[in-house]
Each structure stands twice: as C-alpha cells, then as structure tokens.
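> 3D model of this:
(2 chains)
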Amino acid sequence: MPLTGDIKLLVIAGICLVIFLLLFIIVFVILYRQRQDLLVKRNEQIRSEYNQTLLQSQLEIQEQTLKKISEEIHDNIGQVLSLAKLHLNTIDTPLEKEAETKMISAKKLVSKAIQDLRDISHSFNTENIQALGLSRAMEEELEMIRRTGKYTVSMRQEGTLFRLKPQHELILFRVVQECLQNIIKHAEANCIEIMAQYDQAGLSIFVRDDGKGFLVNQQDQLLPTQGLGIRNMNARVSHIGGSVTIESSPGKGTTILIKAPGTTTITG
Amino acid sequence: MSAKIVIYLLLLFAGILTGASQYRRLSFPYRVLFFTFVYIFIKESGALILSIYFDSNLTYYRYLGIIDSLLVAWIFYLSFERNWMRQITIAASIFMVAYFCLHSLRIKEPVLGLDTDFRLIRGVILVIFALFGYFQILKSMETHPLFQLPFFWFSTGVLIFYSVSIFYWGFLSTFQQTLNGVSYFKIVRGVFEWGNYLMYLMFLISLRKDAAKAIGKA
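The predicted structure follows:
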C-alpha cells in the first residue's frame, strides 16, 4: 500500500517524536550532571568555610582561656607568693643555723615559684606576646626552658626580620610552644634549637631537637595526644595559609618546619 | 498466545517477584508501584483469558484503564516534594476521573470500544507529571548519581510510554476508520507495545533502585 501524504506525515511525526524524546532525556542527564557538579563544589566550599569558622572560634576560645588563666596567676597566685616572700624577708628574729638554712632555701623556692609563674603568665598572655613580637616571644620561651637546667637551647635568625599580622604571629607562637612542649614531654632530648628564616616567600621556623625521634608515617602509632597535637598544629597553620612539615626518624631527632606565607606580613 | 504477550506477562511477574522480595526495604511510593504491578498482572491475565474465550476485551480495558492511571498518579503524588505539584496532581486526577465518567456517559465512542479520547488526555496528564518529576530531580539539593535514583527511572518510563501513547491514540482517533489491518498500523501498534514493555522494565529498575537505596542507608 503506497504511503499517502497523511501517513507520510504521521510517520515523520512519529520518528520526530522518538528522536525528540531521546534528545530530551540526554539533555536532562547532561543538565543534571552539571548541576550535581555545582552542588558538590558548593558543599565543599560551605564545609571549608565552616571548618575555618570553627577553627577561628576554637583559637579565640583558647586565647581567651589562656588570658584568663594568665590573669588569675598574676592577680591571685602571684600576689600570694609575693606576700609570702615579703613575710620571709621581714623575719628578723635570729634563728638556729639549720632553721636559717631552711629559711634561705624557702626564700629561693618562693622566688623561683614567683619567677616561674611570671614566665607562665607572660607566656599565656596574648597581649604580651603580641607586644613582644614572635621573635622575642620565642626567645623568652627558650630562655624559660634553659632555666630548668635540663636543656641546651639556641635561637638563630636568618634574613631581615619582619613582623606578621598579630593574629598570625600568635598562631605561629602557639604552634612553636606546642612543639617545645612535645619535645619536653616525649623527645628525651638534650638540645633544642629554633631557627627563624625570613625571606620574600615568608617566614620559615625550624624547631629541632636531638631526641629519640619517631617514624613520621606511623603517626597513628603515636599516643592519641601526640597525634592530635600534630593535627591541631597543621589545622592552625593551614588557617593562615601556612604548613607544618615534620622530619624525624628513630634515634635521629626531630625537625619541625613551620611555614607562613609572605602575604601575612604587615608593613611598618 | 504470542511471544510478546508472554514477554509482557513475564516482565510484570518479574516486577511482582522483585517487589515482594524487597517489600520491607521499599519506601511507600514504591510499595504502591509493587501493587500496581500486581494489579496490571491480574488485569492483563484477565484480558488474555477474555480474548481467548470472547470476541473482544476492549470494554474490560476501557473500564479498568482508569485504575492504572490513578495508581500512577498516586505514586507521583507520593513522590512529589513541592506542595504545588501535589495540588496539581490531585486536581488533574479528579479531572481524569470526572472526564472518564462523563465521557462514558456521553458515549461519544462506542461503549464496547476503547475510549481513545480519554486515553489521549490521560497521556497528556501523565507526561506532565513525568516532566514535573524531572523538574524535581533537577532542582534537588542532594547529590546522587542520576541512574541510582528510583524516581528518575519511574518518571522516564512514564514519559516514554505515555508520549508514545499520545501519538498512538491520536493516530487511532484520526485513522481508525481507514487504516484497520494496514501495515502502518501494525508498526505503530508495535512501537506502542514495546513502549509499554519498556515502561514496566523501567518500573522494575526503579523498584530495585529504591530497595538498594534503603540498603545503602542502612
């Protein structure tokens, strides 16, 4: 039966319908995939912003807590010890030799306690650290460790010193503090060195010790507090666009490199 | 019994088996889809028996067709997340039932024949629901691979078959008196039937995807 005009039209319409349906479904699939890609990117951005905000909040809370502790130490404990030292100094009654020896020893202990508390208070005090600057603050931190008599410490600087933004210097200082605390707690070291390298790329801080070291790729075998501490350091320095790299091996000490980019500097 | 009918019934039976075996994992819309499979299987089996022992089963199809439509509309209603889509679904379903009843009463087409006008309108309404389904999938804020979404398969099955169905019923309405037994009609009829099988195959896939989604969540 020959195809009449109407039937031909119908057949063409039918074929067009099938092609149109197929094209429609293909276009829909493409549009869906594009939208999914956008959604994934958006979700990642939101997650990243959330993590940044969370970290910022954690840092602020930490600094406020340390500031509060610093104030408490200075206002309460420091005052009490100072008063105790005053009382000891004003004892003018003659004592027996043994009692006098103990009295002198007690005065020294109280003086040391006052000095230690002052150091801790300064170390915790955010405003003090920001006033001193990162370099001086690290020197003072090392000096505190040297005074314990257990470690040989040294501090070196290379390049022209420049200041970073106060908030960034604070973050870097806390990370260096954490490194030093880790050395004291875990490294069994004798020597501690900090080297600060200032160049156009930014600031690189090397914290080295000659302790027992550890296998870096087996961080999951560290104590939970050690692993968490390293992750915290990474998170905090990443917040300012920097990085933390650890080089260590058993028996060969540890070097921690903390890098902060040059875009975080301030002029003047 | 032709091979096509056997394939069709086996496909429906596969849907019933899949739905029954995964019933506990299925979400509510896909449990309704499972019961749709059961209903269609029973309907088609009945139609087959009628065609063997009686001259025509068209009246049977005519009066049971509305139930298919309402079941599919109900699945869309349960799957739509936007209120305006659900409201349109209810309104369109009411319109379909009203049109079906009035159309039957007016007896525009022979009572013992198929109601091609109603089937045209039903096709248009269900294609619109399928497009709503696509719109909802596209606007979703969740990230899922498209081919893992049961609603995509359901909507695509409805879109394909009822688009072909609009063409087919329109074709029949226009050429019914002149083209009986003509080979072009057989071709068009073939496309219509295979579109129907494709729809139920996609429904079967949507059942499996819904069950898999439940396993994935667990």
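
> centre of the chain versus the longest helix anywhere in chain A, how much separation?
Determined from DSSP state H, the single longest helix within chain A is helix A:5-72. Relative to the chain's own centre, helix A:5-72 is displaced by 32 Å; criterion: CA atoms, centre = their mean, to the nearest Å.

> Is chain B within reach of that helix?
Yes: judged by CB under 8 Å from any CB of the partner chain, helix A:5-72 and chain B are in contact via A:6-7, A:10-11, A:13-14, A:17-18, A:21, A:24-25, A:28-29, A:31-33, A:35-36, A:39-40, A:43. Where C-beta positions appear, they are placed from N, C-alpha and C, glycine not excepted.

> what helices or strands is the helix or strand following that helix leaning on?
The C-terminal neighbour of helix A:5-72 among helices and strands, as given by DSSP states H and E, is helix A:78-89. Identification of packing neighbours for helix A:78-89 by 3 or more CB pairs under 8 Å, 6 or more residues apart in numbering or on different chains; DSSP states H and E yields helix A:97-124.

> got the angle between the helix it packs on and helix A:78-89?
Here helix A:97-124 runs at an angle of 160 degrees relative to helix A:78-89 (axes from the mean of the first three to the mean of the last three CA atoms, to 10 degrees).

> distance between helix A:97-124 and the chain's centre?
Centroid separation for helix A:97-124 versus its chain: 32 Å, with CA atoms, centre = their mean.

> With stretch A:113-127 instead?
For stretch A:113-127, the distance to the chain centre is 20 Å (CA atoms, centre = their mean).

> Mind checking the pLDDT average for that stretch?
Averaging pLDDT along stretch A:113-127 yields 80.

> Identify all contacting residues around it.
With contact meaning CB atoms under 8 Å, 6 or more residues apart in numbering or on different chains, stretch A:113-127 is reached by A:63, A:66-67, A:69-70, A:73-74, A:77-78, A:81-82, A:85, A:128-129, A:140-141, A:144, A:147, A:170, A:177.

> Mind doing that once more with 6 Å?
Contact with stretch A:113-127 is made by A:63, A:66-67, A:69-70, A:73-74, A:77-78, A:81, A:128, A:144, as judged by CB atoms under 6 Å, 6 or more residues apart in numbering or on different chains.

> same question, stretch B:130-137
So stretch B:130-137 is contacted by A:28, B:85, B:151-152, B:155, B:158-159 (CB under 6 Å, 6+ apart).

> By neighbours, which of those residues wins?
Highest neighbour count within the contacts of stretch B:130-137, by other CB atoms under 10 Å in any protein chain shown: B:Ser155, with 26 neighbours.

> now that one: how far from B:Arg86?
Separation of B:Ser155 from B:Arg86 (CB to CB, to the nearest Å) stands at 15 Å.

> now swap in B:Ser79 and tell me
Distance of B:Ser79 to B:Arg86, given as CB to CB: 10 Å.

> what about those two, which has more around it?
Each of B:Ser79 and B:Arg86 has its neighbours counted (other CB under 10 Å); B:Ser79 has more, 25 against 16.

> Show me what the helix or strand where B:Ala91 lies packs onto, helices and strands only.
Under the criterion of DSSP H and E, B:Ala91 resides in helix B:83-106. Counting contacts by 3 or more CB pairs under 6 Å, 6 or more residues apart in numbering or on different chains; DSSP states H and E, helix B:83-106 packs against helix B:58-79, helix B:116-139.

> For it, buried residues please.
By neighbour count on 16 or more other CB atoms under 10 Å in any protein chain shown, the buried set for helix B:83-106 is B:85-86, B:88-89, B:92-93, B:96, B:99-100, B:103-104.

> cool, and stretch A:231-251?
Quick answer for stretch A:231-251 (16+ other CB under 10 Å): A:232-237, A:239-240, A:242, A:244, A:246, A:248.

> So which of the residues you listed are in helices?
Per DSSP H, the buried residues of stretch A:231-251 map to helices at A:232-237, A:239.

> out of the buried residues of helix B:83-106, who's nearest chain A?
Nearest to chain A, judged by CB to the nearest CB, of those is B:Met85 at 17.1 Å.

> So which elements touch the lengthiest helix in chain B?
In chain B, assigned by DSSP H, the helix with the most residues is helix B:183-217. Helix B:183-217 sits against helix B:3-21, helix B:150-175, with contacts defined as 3+ CB pairs under 6 Å, 6+ apart.

> Which elements pack onto the last one?
The elements that helix B:150-175 packs onto, with contact taken as 3+ CB pairs under 6 Å, 6+ apart, are helix B:116-139, helix B:183-217.

> So which bits of it are buried?
In helix B:150-175, counting by 16+ other CB under 10 Å, buried: B:150-172, B:175.

> Next, the contact list for the spatially closest residue to B:Leu33 that is not a sequence neighbour, please.
Counting by CB to CB, 6 or more residues apart in numbering or on different chains, B:Ile75 is the residue found nearest to B:Leu33 once chain neighbours are left out, at 5.6 Å. Neighbouring residues of B:Ile75 by CB under 6 Å, 6+ apart: B:29, B:32-33.

> same check, this time on A:Leu203
Here A:Leu203 is in contact with A:Ala260 (CB under 6 Å, 6+ apart).

> quick one: it and A:Val175, what's the gap?
In this view, A:Leu203 and A:Val175 are 12 Å apart by CB to CB.

> Could you do B:Ile160 as well?
As judged by CB to CB, B:Ile160 and A:Val175 stand 61 Å apart.

> same deal with A:Lys85?
Using CB to CB, one gets 35 Å for the distance from A:Lys85 to A:Val175.

> ok, now B:Phe154?
If you measure B:Phe154 against A:Val175 using CB to CB, the figure is 55 Å.

> any weak-confidence spans in the chain?
Reading this off chain A. Applying pLDDT under 70 to chain A picks out residues A:1-4, A:217-228, A:263-268.

> let's do chain B instead
B:1, B:56-58, B:106-114, B:172-184, B:217-218.

> again, only this time at 80
B:1-2, B:54-63, B:103-117, B:170-188, B:216-218 (pLDDT under 80).

> ok, B:Phe203 - contacts?
B:Gly157.

> can you do 10 Å?
B:11-12, B:15, B:18-19, B:30, B:33-34, B:36-37, B:40, B:72, B:75, B:150, B:153-154, B:157-158, B:161 (CB atoms under 10 Å, 6 or more residues apart in numbering or on different chains).

> do the same with A:Gln34
Contacts of A:Gln34 by CB under 10 Å, 6+ apart are B:Leu138.

> Give the buried residues for stretch A:137-157.
Going by neighbour count (16+ other CB under 10 Å), the buried part of stretch A:137-157 is A:137-139, A:141-142, A:144-145, A:151, A:153.

> Fine, thanks again, bye for now.
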